[in-house]
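Participant: Got a predicted structure plus its sequence, pasted below:
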Amino acid sequence: MPQAPMQTSAHARLAPVASGYADVNGIKLYHEIYGQGEPLVLLHGGLMTIGEMVTPLEPLAKTHQVIAVELQGHGRTADTDRPLSFETMGDDIAALLNQLNISRADIVGLSLGAAVGLRTAIQHPEKIRRLVVISSPYAKSGWYPEPREGMGNISAAMAENMRRTPTGKFSEQWPEPQRFPQFLDKMGKMMGASYDWSADVKKLRMPVMLVFADNDSVSQKHIADFFALLGGGVKEPGWQNTQLSKARLAIVPGYSHYNFVSAPELAPIIEKYLADPLTNPPAGAAAASQAEPERTKSK
């Protein structure tokens, strides 16, 4: 996905209460845990690390147990010979939750992380309570032509410049730092490939919130189509007996895809969504039946 610029915090960063590596699906997945409360997985954008997610992370950690993850080949999660795909990284998140003995969690993802969160929700709906997708489409066609071209052009030839990114800097600490150019080839191949998850999105049963910048790299038409696939904005909700869909949409003014991670508006928007009684799914057996209807029908 198009990458956000690197951001630094002017104050001392909040310290994690725990950190470490989880052996999942052939990689050692680095993660940090902040705060207490209902579990929330926070996923960064492409070539970013946990450090660049500090603006939404710290406020969310005041009310949630935030599990911040560095995806395959990013930051302290070294790349391996394993192929790179959205689907496999989605499986990684579900496996991490299992290792942490977390039955269900919310996911908040930005750009690449939002795509991985979406795949986690599609592939492991029983593990996800609610999903927040920030600046990411459900199909490659949702990006404007310029970012589509840029994503496909990422390659080993860009390794020297990409070493200035947070992930590029951390790659020097990998057990095999020479893997970084090869990892960029894998990133370009993954992000340059066509995909369309509209059929899967339409089947999602957990509440989903979409958050985009008003000058995002994803087209406004695609954003409206995404919201409609989730059941949002497709009919008048009523006057006296207002019935809102479980889907939510926020367009934040004054940002682009590349600086959205620094928006102080993100955390309050997400917190309001998570506190909304209409987006709190039922617990226990009712939750299981809510997450599994499509799977049950296919048997």
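Facilitator: On my side now, so go ahead.

Participant: I'd say M89 and Q72 touch.
Facilitator: Yes. Using C-beta atoms under 8 Å, M89 is in contact with Q72, at 5.8 Å. Bear in mind the C-beta positions are built from the backbone N, C-alpha and C, glycine included.

Participant: Which one's more surrounded, these two?
Facilitator: For M89 and Q72, the more surrounded residue by other C-beta atoms under 10 Å is M89, and the numbers stand at 28 against 25.

Participant: Could you say which helix or strand holds the closest residue to that one other than its chain neighbours?
Facilitator: Nearest residue to M89 in three dimensions, chain neighbours excluded: V116, at 4.5 Å (C-beta to C-beta, 6 or more residues apart in numbering). Per DSSP states H and E, V116 falls inside helix 112-123.

Participant: Same check on P59?
Facilitator: Using DSSP H and E, P59 falls in helix 54-60.

Participant: Now do that helix: everything it contacts.
Facilitator: Applying C-beta atoms under 8 Å, 6 or more residues apart in numbering, the contact partners of helix 54-60 are 7, 9, 13-14, 34-35, 40, 42, 50, 66, 68, 108, 261-264, 266-268, 270-271.

Participant: redo that, cut-off 10 Å
Facilitator: By C-beta atoms under 10 Å, 6 or more residues apart in numbering, the residues outside helix 54-60 that reach it are 7-9, 11, 13-14, 16, 32, 34-35, 37, 40, 42, 44, 50-51, 53, 66, 68, 106, 108, 110, 132, 134, 260-271, 274.

Participant: Out of the residues you listed, which end up buried?
Facilitator: For those, a neighbour count by 16 or more other C-beta atoms under 10 Å gives the buried set as 14, 16, 32, 34-35, 40, 42, 44, 50-51, 53, 66, 68, 106, 108, 110, 132, 134, 260-263, 265-267, 269-271, 274.

Participant: With just CA atoms, put the helix holding P59 into CSV.
Facilitator: The C-alpha coordinates for helix 54-60 follow below in CSV (Å, rounded to 0.1, in the frame of the first residue of the first chain):
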residue,chain,number,x,y,z
VAL,A,54,2.0,6.3,18.4
THR,A,55,-0.7,8.9,17.7
PRO,A,56,-3.6,6.5,17.7
LEU,A,57,-1.9,3.9,20.0
GLU,A,58,-1.5,6.0,23.1
PRO,A,59,-5.1,7.2,23.5
LEU,A,60,-6.5,3.7,22.6
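
Participant: same question for that helix, mean pLDDT?
Facilitator: Helix 54-60 shows a mean pLDDT of 98.

Participant: cool, stretch 204-221 as well?
Facilitator: Averaging pLDDT along stretch 204-221 yields 98.

Participant: What segments of this structure are strands?
Facilitator: Secondary structure of the chain, counting by DSSP state E: strands at 18-24, 27-34, 38-43, 64-70, 105-110, 128-134, 208-215, 248-256.

Participant: Report the contact partners of K140.
Facilitator: So K140 contacts P147, R148, M151, G152, M191, G192, A193, S194, Y195, D196, W197 (C-beta under 10 Å, 6+ apart).
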